[in-house]
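Engineer: Here is my input, please return the structure:
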Amino acid sequence: MNAFRPARKNSSAAEGQAGVPNGDAAPSTSNDEISDAPVRSARPSPTPNGESARVVNPELTFTEIKKGFRPGDVYVRRREPHRRFFKRVGPGHFVATEEAVRPPNALERTYRNVKAILIGRPLESAQEIQERLGKVKALAVFSSDAISSVAYATGEIMFVLAIAGSAALNLTVPIAFAIAILLFIVAFSYRQTIFAYPNGGGSYIVSLENVGRRAGLVAAAALLIDYILTVAVSISAGTDAITSAFPALQPFAVEMALLFVGIMTLINLRGVSESGSVFAVPTYTFIFMLGIVIVFGLVGAMLGSYQPPANPVELPAVRSLDWFLVLTAFSAGAVAMSGTEAISNGVPAFKPPESKNAATTLTVMATILATFFMSVSVLAVYFRTNPTSSETIISQLGRVVYGDSILYYIFQFATMGILIVAANTAFSGFPRLASILARDNFMPHQFSFRGDRLAFSVGIASLGGVAGLLILIFQGDTHALIPLYAIGVFLAFTLSQLGMVIHWRKLQTTGWKRNAMINGIGATATAVILVIAAVTKFIHGAWIVMLLIPALVAFFSFVNHHYSRVADQLRIQPGQLPPTTVKQFALVPIESVNYASLRALAFARSMGAQVIALHVGTDPEHAERVKARMAKYAPDIPFVVLDSPYRQFVRPMISYVQALHDQMPDAFVTIVLPEFIPAHWWERALHGRTAQRLRAAFETHPNVAVVLVPYLLEE
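Structural biologist: Model prediction:
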């Protein structure tokens with residue numbers, strides 16, 4: 001925006017210092033004339049009723065009457081001189097162009113260019129439909145968390161069973177089969193949710209509308225915690241995969257994990273579509289490489305090509321096998337179901353038809369997950385893998401099929417890749433859920449803001465920061481993080497499926513009893529797992545989540561109460577409309593009489609209200625000079641000197657304003673602050689910031705308005 005500087009005579013003796021704000025202005029000693037004649041000459045002549053004859057045109061269009069070449073020829077020419085900044089779409093309606101938001105100075109342009117390199121050029125809101133995902137990209141974005149759990153879920157089951165010795169590891173397959181059945185029930189439930197609630201929201205919306213507000217907030221809190229833990233667990237597990245292949249990197253595991261969190265945050269800030277393109281590569285590479293391990297492993301086992309080790313590691317029994325241990329292993333392996341709800345939360349991110357594409361993607365994801373999970377569990381038991389080893393179960397299976405060839409290292413890098421990009425499910429779900437909560441006034445409205453690339457930037461950045469902090473606290477230990485993981489996952493599952501049971505009972509459409517029964521079975525099963533996880537993992541960290549969920553719900557309620565209170569106070573009530581005009585008087589603080597302060601006085605005069613000039617002085621001689629110059633250049637304005645023997649400026653002025661306001665409590669006090677703006681940003685450090693301090697002091701006063709009248713200095 002071009003800076004407007006009013007014309008002035010060369011003989012003008014304005015000191016070039018702010019009238020108020022910058023209390024470091026030098027006392028005036030010059031008696032030269034200060035003229036605002038050029039400003040007065042630029043003012044339009046008043047009409048008989050006292051109003052200005054010239055008015056601005058809000059439509060930004062101008063018509064000119066032009067004469068033609070022949071006598072009597074006249075034509076009208078319409079000009080739009082600002083069309084590069086605004087596109088006119090109708091009367092009183094414009095659309096800002098990219099030129100209108102271009103930074104005005106070199107520093108901001110440099111920042112914008114660096115930002116464009118890191119996260120891409122800004123996108124128009126109308127391009128949001130182009131940022132939506134097809135089924136192939138959506139599988140990579142929303143299903144990477146669920147599919148990646150294959151890399152550690154079987155290991156978690158075996159890690160628990162190993163306490164009862166090597167013989168107990170044979171229960172891995174039955175437990176995995178039970179989890180796979182439950183997975184299909186939950187997936188079927190969320191498939192129904194996708195069609196019933198196509199605007200997204202998943203467990204939160206289902207619970208809110210069917211079970212109640214508190215249940216909805218509990219589900220939302222559980223999901224947000226689940227998403228944070230997804231990032232921490234997935235990236236920590238991905239780091240474990242790479243340190244399994246390269247043990248020398250083990251001392252740098254935490255630093256690597258934090259680096260991966262930063263990369264994931266940056267990529268997601270580039271937008272959903274671009275992140276889908278990036279993350280599709282590791283996702284499908286992992287699916288392909290693990291598919292080879294499964295096919296060759298199963299076929300080789302049947303044909304005898306691959307044999308279990310002749311002398312497997314025998315694990316001693318620390319305690320006897322009982323139902324409690326089996327249920328603990330079941331709840332540990334059930335983390336394979338994490339991420340199942342992500343697709344139902346992000347239905348609006350799919351290309352049309354949204355619900356159909358989302359449901360298809362969910363079905364494909366559940367099939368891949370169940371097949372891989374069962375196959376890995378069977379192979380892990382057959383090849384007698386060691387769950388207590390520092391090497392992961394999936395790495396041990398990779399060595400069986402690939403040996404120490406380059407394919408093994410490709411497989412490990414693919415595993416690391418899928419585990420890291422599994423966090424992308426959370427980066428897609430957390431910001432979107434937070435934006436829905438913000439829309440419903442349960443989270444700060446900043447979470448509904450879309451950044452330059454149409455991504456929910458505040459949610460993405462918040463998720464990356466909290467997940468990084470969690471990795472630091474737990475030092476990237478996957479076994480320590482997973483006990484926290486299960487509570488939120490299964491609490492959200494249970495509330496969602498309970499909500500769907502109530503949903504079907506309300507609608508009673510064709511087949512509602514069958515659907516309600518399936519959802520009821522799922523709700524019961526996930527509730528059982530929730531109780532088991534809460535009991536068995538309580539002392540291992542689950543208590544943290546059990547405290548965080550009610551704390552988050554309390555936070556949601558606090559935020560909602562604030563927004564409700566604000567809405568009640570701002571609501572327009574019939575019969576309680578404010579007056580069309582308000583009483584007011586203007587107060588102009590004057591530090592020294594200069595060009596900037598005279599412009600502020602002119603601005604105050606134009607308000608048509610009583611104007612008072614005030615000088616808060618700490619130097620009696622300077623105060624007398626200011627008084628004399630005010631009598632010379634603004635004799636029509638009452639001038640008050642307020643000596644401040646304690647050398648304070650802001651507090652005495654506040655007290656004086658209050659004293660004036662007591663005389664007319666129903667009037668507005670408009671404080672008109674003259675302020676000069678240095679030509680260079682670094683020059684601001686050479687001046688005081690009194691204007692900013694005054695504005696901060698009065699911003700909470702109900703009947704005081706602070707107006708800054710800037711004067712831009714030339715270079």
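Engineer: Going by C-alpha atoms from here, please, whenever you check contacts or count neighbours.
Structural biologist: Noted.
Engineer: quick one: contacts for residue 326?
Structural biologist: Neighbouring residues of residue 326 by C-alpha atoms under 8 Å, 6 or more residues apart in numbering: residue 161.
Engineer: Let me know how buried residue 302 is, in neighbour terms.
Structural biologist: Neighbourhood size, residue 302 [other C-alpha atoms under 10 Å]: 11.
Engineer: now it: how far from residue 296?
Structural biologist: Per C-alpha to C-alpha, to the nearest Å, residue 302 is found 10 Å from residue 296.
Engineer: ends of stretch 471-486, how far apart?
Structural biologist: Distance across stretch 471-486, first residue to last, is 17 Å (C-alpha to C-alpha).
Engineer: list the buried ones in it?
Structural biologist: Under the neighbour-count criterion of 16 or more other C-alpha atoms under 10 Å, stretch 471-486 has 471-472, 475-479, 481-486 buried.
Engineer: who's residue 669 bridged to?
Structural biologist: Beta-bridge pairing of residue 669 under DSSP bridges involves residue 585, residue 704.
Engineer: got it, and residue 76?
Structural biologist: As for beta bridges, residue 76 partners with residue 65 under DSSP bridges.
Engineer: ok, residue 423 - how many residues close by?
Structural biologist: Count around residue 423 with other C-alpha under 10 Å applied: 32.
Engineer: which residues sit in contact with it?
Structural biologist: By C-alpha under 8 Å, 6+ apart, the neighbours of residue 423 are 144, 145, 230, 231, 232, 234, 235, 264.
Engineer: Which member of those residues is positioned nearest residue 134?
Structural biologist: In terms of C-alpha to C-alpha, no member of the contacts of residue 423 lies closer to residue 134 than residue 144, at 15.1 Å.
Engineer: Pull up the gap between the residue lying closest to the closest one once chain neighbours are set aside and residue 280, please.
Structural biologist: Nearest non-adjacent residue to residue 144, counting by C-alpha to C-alpha, 6 or more residues apart in numbering: residue 422, 4.4 Å away. Here the criterion is C-alpha to C-alpha. By it, residue 422 lies 11 Å from residue 280.
Engineer: again with residue 335
Structural biologist: Distance of residue 335 to residue 280, given as C-alpha to C-alpha: 23 Å.
Engineer: what about the two, which has more around it?
Structural biologist: Taking other C-alpha under 10 Å, residue 335 and residue 280 do not tie; residue 335 has more neighbours (25 against 20).
Engineer: The more buried one against residue 153, yeah?
Structural biologist: Yes: Residue 335 lies in contact with residue 153 (C-alpha atoms under 8 Å); the separation is 6.3 Å.
Engineer: follow-up on the earlier one: looking at the contacts of residue 423, spot the one nearest residue 711.
Structural biologist: Nearest to residue 711 out of the contacts of residue 423 is residue 264 (C-alpha to C-alpha; 45.1 Å).
Engineer: which element is that closest one on?
Structural biologist: Using DSSP states H and E, residue 264 falls within helix 253-269.
Engineer: And the contacts of that helix?
Structural biologist: Helix 253-269 is contacted from outside by 118-119, 231, 235-236, 239-240, 243, 274-275, 420-421, 423-424, 427, 451, 453, 455-457, 460-461, 464, 467-468, 471-472, 475-476, using C-alpha under 8 Å, 6+ apart.
Engineer: Now residue 563. Nearest residue, chain neighbours left out?
Structural biologist: Nearest one to residue 563, counting by C-alpha to C-alpha, 6+ apart, is residue 441 at 6.4 Å.
Engineer: quick one: that neighbour is in a helix?
Structural biologist: No: applying DSSP: H, G, I helix; E, B strand; the rest coil, one finds residue 441 to be coil, outside a helix.
Engineer: in the stretch 301-450 of the chain, which spans are helices?
Structural biologist: 323-333, 342-345, 354-382, 393-402, 406-421, 423-439 (DSSP state H, counting those that start in this stretch).
Engineer: Worst mean pLDDT among these?
Structural biologist: Of all the helices of the stretch 301-450 of the chain, the minimum mean pLDDT falls on helix 342-345 (a mean of 80).
Engineer: ok, back up a step: and the pLDDT at the residue nearest to residue 144?
Structural biologist: Per the predicted model, pLDDT is 78 at residue 422.
Engineer: do residue 235 as well
Structural biologist: 87.
Engineer: Tell me which helix or strand it sits in.
Structural biologist: Using DSSP H and E, residue 235 falls within helix 213-245.
Engineer: Mind listing what's buried along that helix?
Structural biologist: Neighbour counts over helix 213-245 (16+ other C-alpha under 10 Å) mark 215-245 as buried.
Engineer: got it, and stretch 656-675?
Structural biologist: Buried residues in stretch 656-675, counting neighbours by 16+ other C-alpha under 10 Å, are found at 657, 661, 667, 668, 669, 670, 671, 672, 673, 674, 675.
Engineer: Also stretch 532-550?
Structural biologist: Buried residues in stretch 532-550, defined by neighbour count with 16+ other C-alpha under 10 Å: 532-534, 536-538, 540-543, 545-546, 549.
Engineer: Show me how far the host helix or strand of residue 692 is from its chain's centre.
Structural biologist: Per DSSP H and E: residue 692 is located in helix 690-698. With C-alpha atoms, centre = their mean, to the nearest Å as the basis, helix 690-698 stands 30 Å off its chain's centre.
Engineer: Check which helices and strands it sits against.
Structural biologist: Judged by 3 or more C-alpha pairs under 8 Å, 6 or more residues apart in numbering; DSSP states H and E, helix 690-698 is in contact with helix 650-663, strand 704-712.
Engineer: Which one, of the ones you listed, ends up nearest to residue 331?
Structural biologist: Ranking the helices and strands packed on helix 690-698 by proximity to residue 331 (C-alpha to C-alpha) places strand 704-712 first, at 60.7 Å.
Engineer: could you give the angle of that closest one to helix 650-663?
Structural biologist: Here strand 704-712 runs at an angle of 130 degrees relative to helix 650-663 (axes from the mean of the first three to the mean of the last three C-alpha atoms, to 10 degrees).
Engineer: Mind listing residues that contact strand 704-712?
Structural biologist: Residues outside strand 704-712 that contact it (C-alpha under 8 Å, 6+ apart): 3-5, 596, 599-600, 603, 668-679, 691, 695, 698-699.
Engineer: any weak-confidence spans in the chain?
Structural biologist: Regions of the chain meeting the criterion pLDDT under 70 cover residues 1-54, 72, 123-131, 201, 272-276, 310, 453, 687-689.
Engineer: Now do the most centrally placed residue in it against residue 452, distance only.
Structural biologist: Nearest to the geometric centre of the chain sits residue 458, at 1.8 Å (C-alpha atoms, centre = their mean). Separation of residue 458 from residue 452 (C-alpha to C-alpha): 12 Å.
Engineer: Give me the secondary structure label for the residue nearest to residue 387 when sequence neighbours are not counted.
Structural biologist: Nearest residue to residue 387, sequence neighbours excluded (C-alpha to C-alpha, 6+ apart): residue 159, at 5.2 Å. Applying three-state DSSP to residue 159 yields a three-state assignment of helix.
Engineer: what's the neighbour count on residue 328?
Structural biologist: Look at residue 328: counted by other C-alpha under 10 Å, it has 20 neighbours.
Engineer: Name all residues that make contact with it.
Structural biologist: Residues near residue 328 by C-alpha under 8 Å, 6+ apart: 160, 532, 533, 536.
Engineer: what's the farthest-apart pair in those residues?
Structural biologist: Across the contacts of residue 328, no pair lies farther apart than 160 and 532, at 13.7 Å, counting by C-alpha to C-alpha.
Engineer: Please work out which of the helices of the stretch 301-450 of the chain is packed deepest.
Structural biologist: The highest average neighbour count among the helices of the stretch 301-450 of the chain, using mean count of other C-alpha atoms under 10 Å, belongs to helix 342-345 at a mean of 29.
Engineer: counting contacts, what elements does it pack onto?
Structural biologist: Judged by 3+ C-alpha pairs under 8 Å, 6+ apart, helix 342-345 is in contact with helix 172-196, helix 202-210, helix 354-382, helix 423-439.
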